[in-house]
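1. no sequence on this one, just coordinates:
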C-alpha cells in the first residue's frame, strides 16, 4: 500500500506533483479546478508541465477529486446536468494527465427522496460514461450520510450500481465517512464485519483505493469531520490492520486530514511505518 495526500494546485495543476513530492507522497490527489465551482485550471502547456513534473517526482499514481457542488439527483436541471458535464470533463482531463482514478460524491436525496434519487444517480452515471473511452476509471466515494446525502450506506451504492447499464465504476472507501455512517472500524472484529458487509453489498472486487481519515465525531453521527490519523475516535489500530491486510497490498490511500496535530508529512511517515 502506497500513501499520499490531497495537495494544492496553486499556480497551476503542474505544481501538484511538486507539492506532493515535497511532503513525501508516494501517490497524490488534487482538484483540477476550484472545489466550489468554476472551470478546470489547465492549458496544453500546463498539461505538458504536469507530465514532466510527475515524471521527475517519481510518484507512482495520482487521482482527481470532483468539485463539492456535484448533485446528480438535483431537481434543478442546471445543477444536475452541470454535475454530469463536470464529472465527464474530469474524466477527460484525467485521461490527458494520466490520472488513474476520478472519485466523486453523488449528491443529495432531499429533492426526490431516496428511491427516486437512486434512479436519477444511476441514470446520470450512465450518461457520464456513455461513449467514454478514456483510461481513467470513475470511483464512487462513500459519504458520511449527513442529512439526505446519498451513499452513506453500502446498500445505497449497491442499488445504484445495480440500476446502471454501464457498471464500470469502482469504489473509494473513506474511513471517516464509513465510521460516521455507523460502520464500527475501531476493533478488529468490527473492521472484519464491516469489510464482510461491504463485500456482500457491493463486492470487494470494486474497491480501488482508500481515503484514510480519522474522525472528530463518534460512531453513527453522520457528521463529516475529519481528524488526524490516530488522534480521533477511530484510533490508529484499524489503519494498521488495513495497511497490513493481505488483500489490500495493491490498494493505495490518500489522507485528507486537517493537519492540526500532525502535519501531512508527519502523517505520511506514520502510515509508512505501519507497513513494517
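-> Yes, it's here. Here the structure is a predicted model, which is why all the values come from computation and not from measurement.

2. For the rest of this, base every contact and every neighbour count on C-alpha atoms.
-> Noted.

3. Go ahead and report the secondary structure state at residue 81.
-> For residue 81, the assignment made with DSSP: H, G, I helix; E, B strand; the rest coil gives helix.

4. what about it, neighbour count?
-> Residues near residue 81, counting by other Cα atoms under 10 Å, number 19.

5. Please tell me how far it sits from residue 70.
-> Note on residue 81: its distance to residue 70, by Cα to Cα, to the nearest Å, is 10 Å.

6. Same check on residue 271?
-> According to Cα to Cα, residue 271 stands 30 Å off from residue 70.

7. go on, residue 123?
-> 15 Å.

8. More neighbours: those two, which one.
-> Taking neighbours as other Cα under 10 Å, residue 123 and residue 70 compare with residue 70 leading, 24 against 18.

9. Do you know the pLDDT at the closest residue to residue 195 other than its chain neighbours?
-> Once flanking residues are discounted, residue 195 sits nearest to residue 204: 7.8 Å by Cα to Cα, 6 or more residues apart in numbering. As summarised for this prediction, residue 204 has a pLDDT of 97.

10. Let me know whether residue 204 touches residue 198 as I believe.
-> Yes - applying Cα atoms under 8 Å as the test, residue 204 and residue 198 come out as touching, 6.8 Å apart.

11. Between those two, tell me which one has more neighbours.
-> Between residue 204 and residue 198, counting by other Cα under 10 Å, residue 198 is the more crowded of the two (20 against 17).

12. And for the nearest residue to that one once chain neighbours are set aside, the neighbour number?
-> Leaving out its chain neighbours, the residue that sits closest to residue 198 by Cα to Cα, 6+ apart is residue 154, at 6.3 Å. Using other Cα under 10 Å, residue 154 has 21 neighbouring residues.

13. do the same with residue 273
-> Counted with other Cα under 10 Å, the neighbours of residue 273 add up to 11.

14. same thing with residue 9?
-> Per other Cα under 10 Å, the neighbour tally for residue 9 reads 19.

15. Report the next helix or strand after the strand or helix carrying residue 85 in sequence order.
-> Residue 85 belongs to helix 77-97 when assigned by DSSP states H and E. Following helix 77-97 in sequence order, the next helix or strand is strand 101-104 (DSSP H and E).

16. and the following helix or strand past that following strand, how far from the chain's centre?
-> Once the chain leaves strand 101-104, the next helix or strand it forms, by DSSP H and E, is helix 114-129. Distance of helix 114-129 from its chain centroid, counting by Cα atoms, centre = their mean, to the nearest Å, is 19 Å.

17. Report the angle between helix 114-129 and helix 77-97.
-> Calculated by axes from the mean of the first three to the mean of the last three Cα atoms, to 10 degrees, helix 114-129 forms an angle of 40 degrees with helix 77-97.

18. which residues touch helix 114-129?
-> Applying Cα atoms under 8 Å, 6 or more residues apart in numbering, the contact partners of helix 114-129 are 72-73, 84-85, 87-88, 106, 108-109, 111, 150, 156, 159-161, 163-166.

19. can you rerun that using 6 Å?
-> 72, 73, 84, 88, 109, 160, 163, 164, 166 (Cα atoms under 6 Å, 6 or more residues apart in numbering).
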